[in-house]
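# with the sequence up front, the predicted model follows.
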Amino acid sequence: MKHIILITGGQRSGKSSYAERRALELSPNPVYMATAHIWDEEFALRVQRHQERRGPEWTNIEEERQLSRHDVCGRVVLIDCLTLWATNFFTVSAADEEQPDIDTLLAEMKAEFDRFTAQDATFLFVTNEIGMGGTSANALQRRFTDLLGWLNQYVASQADEVVLMVSGIEVRIK
């Protein structure tokens, strides 16, 4: 039976650690689907720290955009994270001379999310809650905040459970 869990919070709030523990509680051999694109050396070290935390019981999949091309039926799959997944869509569009509007990108991402979660699996999505601060003076940053905020709202509306992580403590929202 399909089950969707959204885990949100700020940077270094404990989202990924909590999601990993939860996935291992649900399955002895979960799937870890990493959406990160390695941009620089510092980010590569972050990814390495995440990988070192996981043991051989994990099935690792690297996927920057097309989550639905992977068959995860019957599995527990942790997707880390929606923020980086959204970045992969956003940066491709930002490189275009004529950028698609946020509604177009959001529709594309919702459709891919729906295709992926149509599978009979347990999904744990990790995301960042980036819209809790002030409004940025940077137009590109405002566009991304809008995109991720609306994506997070959509995923939360589809989720069976939503957990907010604050300083390593889980707060159940839904």
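Received it, and whenever you're ready, just let me know what you need. Numbering: from 1, shown residues only.

# can we go C-alpha only for contacts and neighbour counts from here?
OK.

# and the gap between Asp146 and Gly74?
Asp146 sits 33 Å away from Gly74, going by C-alpha to C-alpha, to the nearest Å.

# how about Gly55?
21 Å.

# what's the answer for Arg46, then?
For Arg46, the distance to Gly74 - C-alpha to C-alpha - is 30 Å.

# Thr83 - nearest residue in space that isn't next to it in sequence?
Nearest residue to Thr83 in three dimensions, chain neighbours excluded: Thr127, at 5.4 Å (C-alpha to C-alpha, 6 or more residues apart in numbering).

# quick one: classify that neighbour as helix, strand or coil.
strand (DSSP: H, G, I helix; E, B strand; the rest coil).

# any regions of this structure where pLDDT drops low?
The chain contains residues with pLDDT under 70 at 92-100, 136.

# ok so, going back, now do the contacts for the residue nearest to Thr83.
Leu6, Ile7, Thr8, Gly9, Lys15, Asp80, Cys81, Leu82, Thr83, Asn152 (C-alpha atoms under 8 Å, 6 or more residues apart in numbering).

# over to Asn60?
Val31, Tyr32, Met33, Ala34.

# my read is it is in a helix, agree?
No: counting by three-state DSSP, Asn60 falls outside a helix, being strand.

# residues contacting Leu151?
Leu106, Met109, Lys110.

# buried residues, the helix or strand hosting Arg142. List them.
For Arg142, the host element (DSSP states H and E) is helix 139-158. Within helix 139-158, the residues scored as buried using 16 or more other C-alpha atoms under 10 Å are Phe144, Thr145, Asp146, Leu147, Leu148, Gly149, Trp150, Leu151, Asn152, Val155, Ala156, Gln158.
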